[in-house]
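K.L.:
Predicted model, plus sequence, below.
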There are 2 protein chains.
Amino acid sequence: MARILGIDPGSQRTGVGLVDVDAGGRCRYVHCQALNLLQDTDDFPARLGKLVFDLEDVLSEWKPTVVAIEAVFMDKSATSALKLGHARGAAIATVVRHGLPVHEYAPRLVKQSLVGSGGAEKAQVQHMVRLLLNLGGQKLQADAADALAVALTHAHVSATAGRTGLAAALLRRRR
Amino acid sequence: MARILGIDPGSQRTGVGLVDVDAGGRCRYVHCQALNLLQDTDDFPARLGKLVFDLEDVLSEWKPTVVAIEAVFMDKSATSALKLGHARGAAIATVVRHGLPVHEYAPRLVKQSLVGSGGAEKAQVQHMVRLLLNLGGQKLQADAADALAVALTHAHVSATAGRTGLAAALLRRRR
């Protein structure tokens, strides 16, 4: 069994989501939350520091065996890219420092894997996260849901080489 | 006495430079080097990981008591901003994780502090780094020299509240 930590880094909030996947590729929801970066200070290193320590708490408490994170392709301004880069770099540094393997998945692959279309809407992705993890009507914080989505993508990609991620996962849920 | 680690992060290479400063504000060169990020892999987390571990080696070996890093204001593309942000975020995460205080200095302040003009050329800054640290004709790798420059800026700013950084530092060298 693998315990996958999905991370959705942002300069305001970083989503984390944990999913257990068994040898047969069956996924089980473990935990998700949004880590808020300090907002009430101009001390940027302190803001990143809070992310590092919060993420280390998550690593210690939930003990993931592998990490999945969305690859980013910028269409925003250089300033927002720089901020996002800092959060993402700090998050990757923290998990690498912890000795965990990190896998990157392109946003289109996450959507393709969960919804079957690389151009899917965010709401569709979150709907599939709830469906695949039996979370019913449970309200999910958006960044935490995105983190679960990339964790599920890793589960699908690792387990279903050659099969369509979603179809195979749904099939397994019905068995 | 404080031992200042200056860091000049980049997506290809990160410069590090260490300077000791005594209670009177006198600075002494300790060490500088450029840390190369892994270039021969597309595995971006691994590239950042190498930076984290190399920087941790520097922290363990040279035991700085404080860290100084240039603040960045982007005028480049979103893509290069994102790459720089990752390296900078990973470096800050690593030193914060090590329990060290981190100070940021705007590039103009570094130039102002060393050369007396916020619009100074890189070559002038490097010339002053050599002069202030008695490095004579010694060849300095460019990123390592920039790291020494921000370390010296921290020394000046901490020691010379109200005095012109360079003038005071030169004065101290002559005593």
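P.N.:
All right, it came through fine. Numbers count the residues shown, from 1 in each chain, chains lettered A, B, ... in the order given.
K.L.:
hey, let's count contacts and neighbours off CA atoms from now on
P.N.:
Will do.
K.L.:
Quick check: the residue nearest to residue A:50 when sequence neighbours are not counted vs residue A:12, distance?
P.N.:
Leaving aside its sequence neighbours, residue A:50 sits nearest to residue A:37 (C-alpha to C-alpha, 6 or more residues apart in numbering or on different chains; 6.3 Å). Residue A:37 sits 6 Å away from residue A:12 when distances are taken as C-alpha to C-alpha, to the nearest Å.
K.L.:
Could you do residue A:151 as well?
P.N.:
Residue A:151 sits 21 Å away from residue A:12, taking C-alpha to C-alpha as the criterion.
K.L.:
Between the two, which has more neighbouring residues?
P.N.:
residue A:151 (33 against 15; other C-alpha atoms under 10 Å in any protein chain shown).
K.L.:
okay, the residue lying closest to that one once chain neighbours are set aside: pLDDT?
P.N.:
In space, and not counting its chain neighbours, residue A:151 is closest to residue A:6: 4.2 Å by C-alpha to C-alpha, 6+ apart. Per-residue confidence (pLDDT) for residue A:6: 91.
K.L.:
Make sure residue A:6 is indeed in a strand.
P.N.:
Yes. With DSSP: H, G, I helix; E, B strand; the rest coil as the criterion, residue A:6 is located in a strand.
K.L.:
just checking, it touches residue A:68?
P.N.:
Yes. Under the criterion of C-alpha atoms under 8 Å, residue A:6 makes contact with residue A:68 at 4.8 Å.
K.L.:
what touches both of the two?
P.N.:
Shared contacts of residue A:6 and residue A:68 (C-alpha atoms under 8 Å, 6 or more residues apart in numbering or on different chains): A:150, A:151.
K.L.:
ok, the residue nearest to residue A:63 when sequence neighbours are not counted - contacts?
P.N.:
Distance criterion C-alpha to C-alpha, 6+ apart; nearest residue to residue A:63, sequence neighbours excluded, is residue A:3 at 7.6 Å. Applying C-alpha under 8 Å, 6+ apart to residue A:3 gives the contacts A:18, A:19, A:20, A:21, A:63, A:64, A:65, A:66.
K.L.:
who does residue A:3 bridge with?
P.N.:
Assessed by DSSP bridges, residue A:3 has beta-bridge partners residue A:20.
K.L.:
Can you tell me the SS state at residue A:14?
P.N.:
Criterion first, three-state DSSP; result for residue A:14: strand.
K.L.:
nearest residue to it other than its sequence neighbours?
P.N.:
In space, residue A:14 is closest to residue A:35, 5.1 Å off (C-alpha to C-alpha, 6+ apart).
K.L.:
does the one you found sit in a helix or strand, and which one?
P.N.:
If you go by DSSP states H and E, residue A:35 is part of strand A:27-36.
K.L.:
elements contacting that strand?
P.N.:
strand A:13-21, helix A:44-62, helix A:142-159 (3 or more C-alpha pairs under 8 Å, 6 or more residues apart in numbering or on different chains; DSSP states H and E).
K.L.:
From chain B, how far off is the residue nearest to residue A:14?
P.N.:
15 Å (C-alpha to the nearest C-alpha, to the nearest Å).
K.L.:
ok now do that residue, which residues does it touch?
P.N.:
Residue A:35 neighbours (C-alpha under 8 Å, 6+ apart): A:13, A:14, A:15, A:16, A:51, A:54, A:55.
K.L.:
Tell me who's in contact with residue A:86.
P.N.:
A:11, A:48, B:82, B:85, B:86, B:87, B:88, B:89, B:90.
K.L.:
Now do the SS call for the nearest residue to it once chain neighbours are set aside.
P.N.:
Leaving out its chain neighbours, the residue that sits closest to residue A:86 by C-alpha to C-alpha, 6+ apart is residue B:89, at 3.9 Å. When classified by three-state DSSP, residue B:89 comes out as helix.
K.L.:
What does the pLDDT read for residue B:89?
P.N.:
88.
K.L.:
which bits of chain A sit near chain B?
P.N.:
A:45-46, A:48-49, A:52-53, A:73-94, A:96-97, A:102 (C-alpha under 8 Å from any C-alpha of the partner chain).
K.L.:
list the buried ones in stretch A:127-140?
P.N.:
A:127, A:128, A:129, A:130, A:132, A:133, A:140 (16 or more other C-alpha atoms under 10 Å in any protein chain shown).
K.L.:
One more: stretch A:20-36?
P.N.:
Going by 16+ other C-alpha under 10 Å, stretch A:20-36 has these buried residues: A:20, A:21, A:25, A:26, A:27, A:28, A:29, A:32, A:33, A:34, A:35, A:36.
K.L.:
Compute the first-to-last residue distance for that stretch.
P.N.:
Termini of stretch A:20-36 sit 24 Å apart (C-alpha to C-alpha).
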